[in-house]
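S.K.: Got a sequence here, can you build the structure:
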Amino acid sequence: MRNFAPSRRCLASSLPLAGLVLLLAQAAHAQAPYPQDTSDQKRCTGEWRANVDERIAACTTLISSGHYQTINLAILHDNRGTALRAKGDVDGALKDFSEAIGIDPKSARAYANRGEARFAAHDLDGAIADLDQAITLNPSDVSAYMTRGNAYDQKGDLDQAIDSYGGAIRLAPNYAPALFTRALALRRKGELDLAIADYDRTIRLDPKDASAYNDRGVVWFVKRDFDHAIADYNAAIRFDPNFFVAYNNRGDAWRSKGDLDRAAADFNHAIALSPQFALAYSNRGLVAYQKREYKSAIADFTKAIQLDPKNAQTFHRRANAYDDSGDRSAALADYDMAARLDPSGGGILYDRGIADGRKGDVGRAIADLSEAIRLYPQFAYARNARGAAYYG
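M.R.: Numbering: from 1, shown residues only. Below you'll find the predicted structure:
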């Protein structure tokens with residue numbers, strides 16, 4: 001059962017601008033300061049409160065003045081790049097960060113900022129290369145480790161992601177976002193006990209973190225420890241009564257325990273809190289299906305499909321409901337759609353094979369069951385069904 005576990009993914013933020021104010025000011029004093037630049041310096045570096053456009057304009061004035069060289073000029077480009085990125089101009093930000101690096105190749109901050117901007121632009125390999133260099137130049141940059149971990153995570157390289165999050169945790173053992181994010185990666189890798197340990201530490205640091213309770217509950221659910229899962233979902237809901245995802249997840253745990261009425265109540269609550277939440281409709285439909293209330297099940301699956309029309313699981317569920325209610329044509333149409341959306345879904349092919357056999361299309365039934373077995377060689381039900389089709 002797919003659970004929604006919100007990723008409180010903490011993308012690394014830029015290093016504090018205040019750290020650059022002293023360098024710029026000290027260097028300015030050393031090379032005869034220009035009094036007319038003072039207000040622009042304070043806006044560009046963030047020492048004075050200014051909106052993004054004011055910061056960009058101030059940095060641009062200073063860059064164009066010709067008063068600044070080498071490290072200070074690199075800092076100005078870096079600050080303007082940070083402001084441009086805050087405005088949403090990623091391309092402009094990348095250009096300024098590259099200018100900063102060209103002027104000062106030892107600027108760990110510029111490499112880190114360009115890495116973050118490349119990550120935002122989905123240039124994952126470029127982001128990782130920049131963040132590697134940022135960490136080489138400044139091995140104590142927690143945010144660089146975090147963003148690099150996120151980049152590896154998006155590439156699907158969970159081992160490298162976990163290692164990079166671990167670097168952040170070694171530097172900041174009580175940094176809850178790093179523990180939380182590593183736990184997400186560990187869960188996806190299947191390292192469930194290690195994920196629980198990270199969630200435990202996250203919760204000790206912030207005992208009211210509803211997301212951490214919810215996500216630890218997901219791990220307990222995957223371990224099929226439904227009582228622990230429900231206890232964690234209860235805590236998530238207690239700390240955030242509008243946490244519709246936690247209601248959905250708790251409903252799924254109740255359903256897995258066989259308590260269909262409590263499950264339906266939780267799915268109802270999730271839908272009331274978030275009427276566009278497709279998974280809650282699909283899960284409520286599954287409860288109705290298990291109660292053999294096929295009309296209600298089909299209605300909920302149909303609503304879920306309207307909200308999420310590319311979800312193979314929901315087409316598969318509706319196909320089963322149509323098939324068990326006797327509407328074989330509608331069932332096969334939904335099995336076909338589910339198979340198109342998820343060609344490697346062995347369960348879909350198995351159920352379509354069963355429906356094929358019921359309809360009398362033995363050849364197609366054998367083909368579907370054979371493909372299900374090819375995908376999952378230990379699929380005993382598919383082997384039994386194919387044997388029956390051969391000799392039936």
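
S.K.: ok, then the element right after the helix or strand of the chain with the lowest mean pLDDT?
M.R.: Lowest on mean pLDDT, DSSP states H and E among the helices and strands of the chain sits helix 18-30, with a mean of 40. Next helix or strand after helix 18-30 toward the C-terminus (DSSP states H and E): helix 38-45.

S.K.: The helix or strand just after that following helix to helix 38-45, inter-axis angle?
M.R.: Following helix 38-45 in sequence order, the next helix or strand is helix 52-65 (DSSP H and E). For helix 52-65 against helix 38-45, the angle by axes from the mean of the first three to the mean of the last three C-alpha atoms, to 10 degrees is 120 degrees.

S.K.: domain parsing for the chain?
M.R.: Domain ranges of the chain: 1-138, 207-272, per automatic domain parsing.

S.K.: quick one, which of those domains is nearest to residue 334?
M.R.: domain 1-138 (17.9 Å; C-beta to C-beta). In short, each C-beta sits where N, CA and C put it, glycine included.

S.K.: picking that back up, closest one to residue 176 among the domains of the chain?
M.R.: Using C-beta to C-beta, these put domain 207-272 closest to residue 176, at 7.2 Å.

S.K.: Pull the distance from the closest one to the chain's centre.
M.R.: 19 Å (C-alpha atoms, centre = their mean, to the nearest Å).

S.K.: again with stretch 362-376
M.R.: 34 Å.

S.K.: Direction-wise, compare the top helix by length along the chain with helix 38-45 and give the angle.
M.R.: Ranked by residue count and defined by DSSP state H, the top helix of the chain is helix 70-87. Here helix 70-87 points in a direction 60 degrees away from that of helix 38-45 (the same axes, to 10 degrees).

S.K.: Give me the helices and strands touching helix 70-87, please.
M.R.: helix 18-30, helix 38-45, helix 52-65, helix 90-103, helix 108-120 (3 or more C-beta pairs under 8 Å, 6 or more residues apart in numbering; DSSP states H and E).

S.K.: wait, what's in contact with residue 110?
M.R.: Counting by C-beta atoms under 8 Å, 6 or more residues apart in numbering, residue 110 makes contact with 74, 77-78, 81, 97, 100-101, 104.

S.K.: Could you list the low-pLDDT ranges of the chain?
M.R.: By pLDDT under 70, the low-scoring segments of the chain are 1-36, 392.

S.K.: now do 80
M.R.: 1-37, 392 (pLDDT under 80).

S.K.: one step back: can you tell me which of the contacts of residue 110 is nearest residue 328?
M.R.: residue 97 (60.1 Å).

S.K.: what's near enough to touch that closest one?
M.R.: When contacts are counted by C-beta under 8 Å, 6+ apart, residue 97 touches 77-78, 81, 110, 113-114, 117.

S.K.: One more: residue 332?
M.R.: 319, 352, 355-356, 359.

S.K.: same check, this time on residue 142
M.R.: Residues near residue 142 by C-beta under 8 Å, 6+ apart: 12, 168, 171-172, 175, 178.

S.K.: and these, which are buried?
M.R.: Among the contacts of residue 142, those classed as buried by 16 or more other C-beta atoms under 10 Å are 12, 168, 172, 175, 178.

S.K.: Let me have those in TSV, adding distance to residue 387 as columns.
M.R.: Formatted as TSV, the buried ones among the contacts of residue 142 follow (distance: C-beta to C-beta, whole Å):
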residue	distance to residue 387
12	56
168	54
172	58
175	56
178	52
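
S.K.: Tell me which of those fall in helices.
M.R.: Per DSSP H, the buried ones among the contacts of residue 142 map to helices at 168, 178.

S.K.: where along the stretch 151-300 of the chain do the strands fall?
M.R.: Using DSSP state E, counting those that start in this stretch, the stretch 151-300 of the chain contains no strands.

S.K.: mind listing the helices for it?
M.R.: Assigned by DSSP state H, counting those that start in this stretch, the helices in the stretch 151-300 of the chain fall at 158-171, 176-189, 192-205, 210-222, 226-239, 244-256, 260-273, 278-290, 294-307.

S.K.: between those helices, which gets nearest to residue 58?
M.R.: Comparing the helices of the stretch 151-300 of the chain under C-beta to C-beta, the one sitting nearest is helix 176-189, at 31.4 Å.

S.K.: helices and strands around that closest one, which ones?
M.R.: helix 142-155, helix 158-171, helix 192-205, helix 210-222.

S.K.: Now that helix: buried residues?
M.R.: Applying 16+ other C-beta under 10 Å to helix 176-189 flags 176-187 as buried.

S.K.: next one: it to chain centre, how far?
M.R.: 11 Å.

S.K.: before we move on, back to that, can you put the helices and strands packed on helix 176-189 in a markdown table and add distance to residue 332?
M.R.: Formatted as a markdown table, these follow (distance: least, C-beta to C-beta, whole Å):
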| stretch | distance to residue 332 |
| --- | --- |
| helix 142-155 | 37 |
| helix 158-171 | 38 |
| helix 192-205 | 37 |
| helix 210-222 | 32 |
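
S.K.: Now residue 69. Its backbone dihedrals?
M.R.: As for residue 69, its main-chain torsions (degrees, to the nearest 10) stand at phi -130, psi 170.
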